[in-house]
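Colleague: dropping the sequence and predicted coords here.
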Amino acid sequence: MSDILDKIVATKKIEIAADLKKISLANQRDQAEENNRNALLKPRGFIQSIERKIAAGKAGVITEIKKASPSKGILRENFQPAEIAQSYEKNGAACLSVLTDKDYFQGANAYLQAARAACNIPVLRKDFTIDPYQVYEARAIGADAVLLIVACLELNQMKELEACAHELGLDVLVEVHSAPELEQALELKTSLLGINNRNLKTFEVTLQTTLSLLSMVPTGITLVTESGIMNRADVQLMRDHQINAFLVGEAFMRANDPGAALSELFN
Ligand SMILES: O=P(O)(O)OC[C@@H](O)[C@@H](O)c1c[nH]c2ccccc12
């Protein structure tokens, strides 16, 4: 083949990929907008649901639905998202977090859809959001909030993704693990800030991460302590520091009855 023909074909492939991306983005946007008009799929107010629990003197617990994780492998063999969602709701969860990442967490969009349809509480799409396409997709599958992880985004990208989420009526949970990341997170509009106690590079978990960053969190921000909450002493330690919102996965996923485990941990 001639050089020029090679070049034209290579350019053509890029052009087609870009066109396909545009088409699927438009489809997701249409679906997202249709969902916003459908009473069953309207955003449920993720932040509001947490704040309501806290205002009532309770813990605002985001209960997670995840089958596996890169650090722990399979957490739950008998994995039924709809049943788990109902059990969480019945036992006082403020919100759900559902992993949709396939390759590392064995998640699926279908799990989020099944979980949300089975309950009335808001649902976070737990994934690694790096492109507006995923925000439209989140709304298209019925999510009420998306996660933005500061460690994998530039500030301008985060702002773009947040604006996109807010335009669609989605709430944003911004996640940090260090002081510089926390400073970046405060550049966003969202009032929901997660401190991940797990270091995503080493998988090491310590609740000291939350405690050490606490003084940097301004009033008006709802702080969620994420990962490694395993027992009542962990919960008490956090509550002793006026931390009232929690994201918990493993402790519930390993339990026979996740809702009963929620109730034992917090009631
Ligand atoms: O299972 P744990 O230790 O209770 O953690 C839940 C949640 O915090 C964790 O799954 C998580 C926090 N941030 C994430 C980002 C991506 C994937 C997963 C996560």
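Modeller: Great, that's in hand. Residues are numbered from 1 along each chain as shown.

Colleague: contacts, neighbours, all on C-alpha from now
Modeller: OK.

Colleague: for the ligand, what are the nearby residues on the chain?
Modeller: If contact is defined as Cα under 6 Å from any ligand atom, the residues of the chain in contact with the ligand are 196, 226-229, 247-251.

Colleague: now those residues as TSV including neighbour count?
Modeller: What follows is the residues of the chain next to the ligand, written out as TSV (neighbours: other Cα atoms under 10 Å):
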residue	neighbour count
196	23
226	25
227	21
228	19
229	22
247	21
248	22
249	24
250	22
251	19
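
Colleague: next up, the contacts around residue 263.
Modeller: 91-92 (Cα atoms under 8 Å, 6 or more residues apart in numbering).

Colleague: helix or strand: which one has it?
Modeller: helix 258-266 (DSSP states H and E).

Colleague: same check, this time on residue 48
Modeller: Taking DSSP H and E as the definition, residue 48 sits inside helix 46-55.

Colleague: look up the closest residue to residue 196, ignoring the ones flanking it.
Modeller: Residue nearest to residue 196 in three dimensions, not counting chain neighbours: residue 226, with 4.6 Å by Cα to Cα, 6 or more residues apart in numbering.

Colleague: taking the residues of the chain next to the ligand one by one, which sit in helices?
Modeller: Using DSSP state H, the members of the residues of the chain next to the ligand that fall in helices are 250-251.

Colleague: tell me where the stretch 1-150 of the chain has strands.
Modeller: 60-65, 68-69, 73-74, 95-99, 123-126, 145-149 (DSSP state E, counting those that start in this stretch).

Colleague: can you give the contact residues for the second one?
Modeller: By Cα under 8 Å, 6+ apart, the list of residues contacting strand 68-69 from outside reads 74-76, 104-107.

Colleague: any idea which of those is closest to the ligand?
Modeller: Using Cα to the nearest ligand atom, the shortest approach to the ligand within the contacts of strand 68-69 belongs to residue 105, at 7.7 Å.

Colleague: what count of nearby residues applies to residue 130?
Modeller: For residue 130, the tally of surrounding residues (other Cα atoms under 10 Å) stands at 16.

Colleague: ignore what I typed, I meant residue 42.
Modeller: Applying the criterion other Cα under 10 Å, we find 19 residues in the vicinity of residue 42.

Colleague: what do you get for residue 166?
Modeller: Neighbour tally, residue 166, other Cα under 10 Å: 16.

Colleague: same thing with the one 5 residues further on?
Modeller: By other Cα under 10 Å, the residues close to residue 171 number 27.

Colleague: that one: what's it in contact with?
Modeller: By Cα under 8 Å, 6+ apart, residue 171 lies in contact with 45-47, 144-146, 165, 190.

Colleague: with residue 174 instead?
Modeller: Residues counted as contacts of residue 174 (Cα under 8 Å, 6+ apart) are 147-150, 185, 190, 192-194.

Colleague: now residue 259: how far from residue 93?
Modeller: As for residue 259, its distance to residue 93 is 8 Å (criterion: Cα to Cα, to the nearest Å).

Colleague: next one: residue 139
Modeller: Looking at residue 139 against residue 93, where the rule is Cα to Cα, the gap reads 21 Å.

Colleague: cool, and residue 163?
Modeller: Residue 163 sits 27 Å away from residue 93, taking Cα to Cα as the criterion.

Colleague: got it, and residue 240?
Modeller: Summarising the geometry, the distance separating residue 240 from residue 93, computed by Cα to Cα, is 20 Å.

Colleague: more crowded one of these two?
Modeller: Neighbours of residue 240 and residue 93, each counted by other Cα under 10 Å, are more numerous for residue 93; the result is 26 against 10.

Colleague: that one reaches residue 63, doesn't it?
Modeller: Yes. With contact defined as Cα atoms under 8 Å, residue 93 counts as touching residue 63 (6.3 Å).

Colleague: low pLDDT regions in the protein?
Modeller: Low-confidence regions of the chain, defined here as pLDDT under 70, cover residues 1.

Colleague: what about the helices in it?
Modeller: When secondary structure is read from DSSP H, the chain shows helices at 3-37, 46-55, 81-90, 102-105, 109-117, 132-140, 155-167, 179-185, 208-213, 232-240, 250-253, 258-266.
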